[in-house]
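>>> Quick one: sequence and predicted model below, then my questions.
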Amino acid sequence: AWAALRAGTRFVQVWAAFFPQQLAMLAAGATTDAKSVAAATTAQSSAFFESLARALHSVVLGGAEERPQPTVSERATESTGDVVDEPRRNCCAQVLEAVCEVASH
């Protein structure tokens, strides 16, 4: 559900704020060739940044097949006629905040 993605990106945002040196090391590993940095570190660095990009893509542009199944509360929102995409919109805001936090370091 969008809540799980939102929680995960909040974790990334807080982690980046508390450990900017680790984030800098990941960024260096993602942009450096495998000859000067261990290949495992480079792969982990790339996977980290690719995961953020995939999360952003999924929440902003993802089609119905990529959307997680709605939670019970989201289904209740649908049945009452309220704004259905509010959880998705909140998730999108959280993902963007996390990406901005990561990019600021």
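On my side now, so go ahead.

>>> Quick check: next helix or strand after the helix-or-strand element of the chain with minimal mean pLDDT?
Least confident helix or strand, the chain: helix 72-80 with a mean of 59, by mean pLDDT, DSSP states H and E. Next along the chain after helix 72-80, taking DSSP states H and E as the criterion, comes helix 86-103.

>>> Which positions within that following helix qualify as buried?
Neighbour counts over helix 86-103 (16 or more other Cβ atoms under 10 Å) mark 87-88, 91-92, 94-95, 98-99, 101-102 as buried. C-beta: built from backbone N, CA, C; applies to glycine.

>>> Including distance to residue 50 and pLDDT, could the residues you listed go into JSON lines?
Compiled in JSON lines, these are given as follows (distance: Cβ to Cβ, whole Å; pLDDT from 0 to 100):
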{"residue": "87", "distance to residue 50": "24", "pLDDT": "84"}
{"residue": "88", "distance to residue 50": "21", "pLDDT": "84"}
{"residue": "91", "distance to residue 50": "18", "pLDDT": "89"}
{"residue": "92", "distance to residue 50": "18", "pLDDT": "90"}
{"residue": "94", "distance to residue 50": "18", "pLDDT": "90"}
{"residue": "95", "distance to residue 50": "14", "pLDDT": "90"}
{"residue": "98", "distance to residue 50": "14", "pLDDT": "88"}
{"residue": "99", "distance to residue 50": "12", "pLDDT": "87"}
{"residue": "101", "distance to residue 50": "17", "pLDDT": "83"}
{"residue": "102", "distance to residue 50": "12", "pLDDT": "82"}
